[in-house]
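Participant: Fold the stuff below for me.
(2 chains)
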Amino acid sequence: MPLSNLADFSVKRLSILDAHGVVDVSLAPRLGNSQLIELFRWMTVLRIFDDKALKLQRQGRIGTYASSLGQEACTVGSAFALKPQDWTFPAFREHGVFFVRGTPLVKVLQYWGGDERGSKASPDINCFPVSIPVGSQPLHAVGCAMAMKYKKKDAVAVGYFGDGATSEGDTLEAMNFAGVFQAPVILICQNNQFAISEPRSLQSRSQTIAQKAIAFGIDGIQVDGNDILAVYKATLDAAEKARAGKGPTLIELETYRMGDHTTADDSTRYRTKEELDSWRARDPIARFRTYLTNEGILSPSLETQITEECVALVEKAVQEYESMPAPKPEEMFDYLCQSLPLELAEQKREFLSFLAQKKSTTEKNVEGPGFP
Amino acid sequence: MKANMVQALNNALSLELESNPNLVVMGEDVGVDGGVFRVTDGLQSKYGKERVLDTPLAESALIGTGIGMAAYGLHPVVEIQFSGFLYPGFDQLISHASRIRNRSRGRFSCPLTVRSPYGGGIKAPEHHSESMESLFIHTPGLKVVVPSNPTDAKGLLTSALRDPDPVIFFEPLRVYRAFREEVPEESYTTPLGQARVVQPGTDLTLISWGSMLRTCVEAVQQLSEAERYSIELIDLRSLSPIDWPTIHASVQKTGRCVIVQEAPLTLGLASEIMARILEKNFLHLKAPVSRVTGFDTIMPLFKLENYYLPTPERIIETVRKTMVF
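Facilitator: Numbers count the residues shown, from 1 in each chain, chains lettered A, B, ... in the order given. Next up is the predicted model:
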């Protein structure tokens, strides 16, 4: 038999809560009412935060911003399935992960406001800072997971990336290492259909991103990324599997970037209103609201209360952000290494004495040039 | 035509696509979107999807496949969206693009242009503001070009697109739309390896390139008004190869030199220029050659970027110290 069939593969997709708010009870994760409300609250705060951040950018109060509008279920649902000892490695559209893991909202504003202090997590939050170079951070998650395995810890690492990142060598190398070393890692691809202007079809001829796992000998699954119950369950299952020493999982969350890539982008140049509308009908928050309402878990008055609380939370973060003193210029030297080498200490000293001198001449002469 | 740097670059690409059927443009978002800075705007609709390619998001693949295309007779023009994202492709540049001519003793070559915006001053996120040109200048076999104005941008890019070897073409983000000037309509080349004396002078030679040029012009204006110093300002334009004769002739005339770079201090191009000036012009010098540079720190996020970037004030202070030495 010169030509034989070696293997057959299948690709699975998980969907629990459909676009009309109907749940497949046989698949639904076990979550109490208060947890369901908590999920709804996180998605609500994220949507309000994104909307506020866009406004702040337009008013010049923060810099370029990447909204996660439409992808709330991906970040909230996955982070909600983790334990405090687990580590997350976000890309740049994972504000929801930061929030759910305990990062104060103001930190995210600070970061996008051009202030490094926004990236400093408190010691009890195991979440790496934003990673901008596409597809570079899944490797960090895999390495972290290899270390967890080495130290025999009951912990998993999660690496986030997008559909564009699946074209980068680093991302594929991460999948390969994860498989070879059976690392307790979850690689979560937020397939939001676009890498700036380029549609998902341009990244790969592969029918799904989930199936890329097959070539690396690891489990892969596609999940409706606008279905928070499915996102939560898929992540929880993958985490339990990893904790049990059964290796990594690639999770493709199929979702849609409802906004522009960032505030520097104009998505009307490359996609149609019809397409946008078709995804608007699959909104992750709307369907979850329908479900919670039908189940009697969410009432209009409770929702109003939640919305008001979330608005207040976001407004408080904005106030904190804007009342914070500016970062000190010398901070650019202070975190390069644990102790500053002599040469850099000298550069810092000269820089500070120049600033001091500038300040004194500026004070003497109001027309004198000063740093903006 | 009146054009800013983005329009001048777009025009250069369009004219070369028109006249050279072997020229292809590729990158992320260069087609339908016309590039995130619109440098390739309209080129795909004009020259077709086979010549202006939206590619998967993979810098190493862009440069690596570019090498193969170049070997087979095309001239690929690769856009790397920001120079901070170039590094996955750096391996292909340093290991292959720069070496294939030498490795094959001239049998194969790599006429490849890599365009990438660089530099600070536009309040961009991390990795969008660095000046790491030294990495490429330090790589034998690569040419490195940085224009400072629309006219040079068009002429230099046209030269790069006709060059038989790999050229890294860095475009200063801060200058992209900063100003418009009269740019010739027709195609023309500005030779690689030739500096431009922006303004002649006799007291001190001020050397810079890219986005720092305008900062230097500001400093020179203030200095010539306040102190009546006669400063010779040189725009290098081409960082590799570099126009040594122009530099040496100027320093032999003025006896004083200050070099301004946006890049970190240590092992920047300014260091090499200082070394060469000392080697060739020791007895002509009236004062130590000095530098105004970024610091040996990570380029800070934008709340602090104006502290990092050399300013007219820092240049003026260094020029004054050099003049009264």
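Participant: where are the low-confidence patches of chain A?
Facilitator: Counting by pLDDT under 70, chain A has low-confidence residues at A:1, A:361-372.
Participant: In contact with the residue nearest the centre of it, which residues?
Facilitator: In chain A, the centroid-proximal residue (CA atoms, centre = their mean) is A:Glu94; its distance is 1.6 Å. Applying CB atoms under 8 Å, 6 or more residues apart in numbering or on different chains, one finds that A:Glu94 lies in contact with A:Ser68, A:Thr75, A:Thr88, A:Val130, A:Tyr160, A:Gln190. Quick note: C-beta positions are derived from backbone N, CA and C, even for glycine.
Participant: gap between it and A:Asn192?
Facilitator: Distance of A:Glu94 to A:Asn192, given as CB to CB, to the nearest Å: 12 Å.
Participant: Among the contacts of A:Glu94, which are located in strands?
Facilitator: A:Thr88, A:Tyr160, A:Gln190 (DSSP state E).
Participant: Which member of those is positioned nearest chain B?
Facilitator: The closest of those to chain B turns out to be A:Gln190 (CB to the nearest CB; 14.1 Å).
Participant: wait, the closest one sits on A:Gly162?
Facilitator: Yes. The pair A:Gln190 / A:Gly162 is scored as a contact, 5.4 Å apart, by CB atoms under 8 Å.
Participant: Looking at the two now, which is surrounded by more residues?
Facilitator: A:Gly162 (29 against 26; other CB atoms under 10 Å in any protein chain shown).
Participant: so who does that one touch?
Facilitator: By CB under 8 Å, 6+ apart, the neighbours of A:Gly162 are A:Ala91, A:Arg93, A:Val134, A:Cys189, A:Gln190, A:Asn191, A:Asn192, A:Ala195.
Participant: does the spatially closest residue to A:Asp237 that is not a sequence neighbour have beta-bridge partners, and which?
Facilitator: Nearest residue to A:Asp237 in three dimensions, chain neighbours excluded: A:Thr249, at 7.9 Å (CB to CB, 6 or more residues apart in numbering or on different chains). A:Thr249 forms beta bridges with A:Ile186, A:Asp219, as assigned by DSSP bridges.
Participant: picking up where we left off before, make JSON lines out of the ones in strands among the contacts of A:Glu94 and add distance to chain B.
Facilitator: Converted to JSON lines, those look like this (distance: CB to the nearest CB, whole Å):
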{"residue": "A:Thr88", "distance to chain B": "18"}
{"residue": "A:Tyr160", "distance to chain B": "16"}
{"residue": "A:Gln190", "distance to chain B": "14"}
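Participant: Nearest to B:Lys2 among the residues you listed?
Facilitator: A:Gln190 (43.1 Å; CB to CB).
Participant: How much space separates the closest one from A:Arg257?
Facilitator: 9 Å.
Participant: Can you pull the residues that touch both of those two?
Facilitator: A:Gln71, A:Arg93.
Participant: gap between stretch B:169-189 and the chain center?
Facilitator: 12 Å (CA atoms, centre = their mean, to the nearest Å).
Participant: is chain A contacted by it?
Facilitator: No. Figure legend: stretch B:169-189 not in contact with chain A (CB under 8 Å from any CB of the partner chain); closest approach 11.7 Å.
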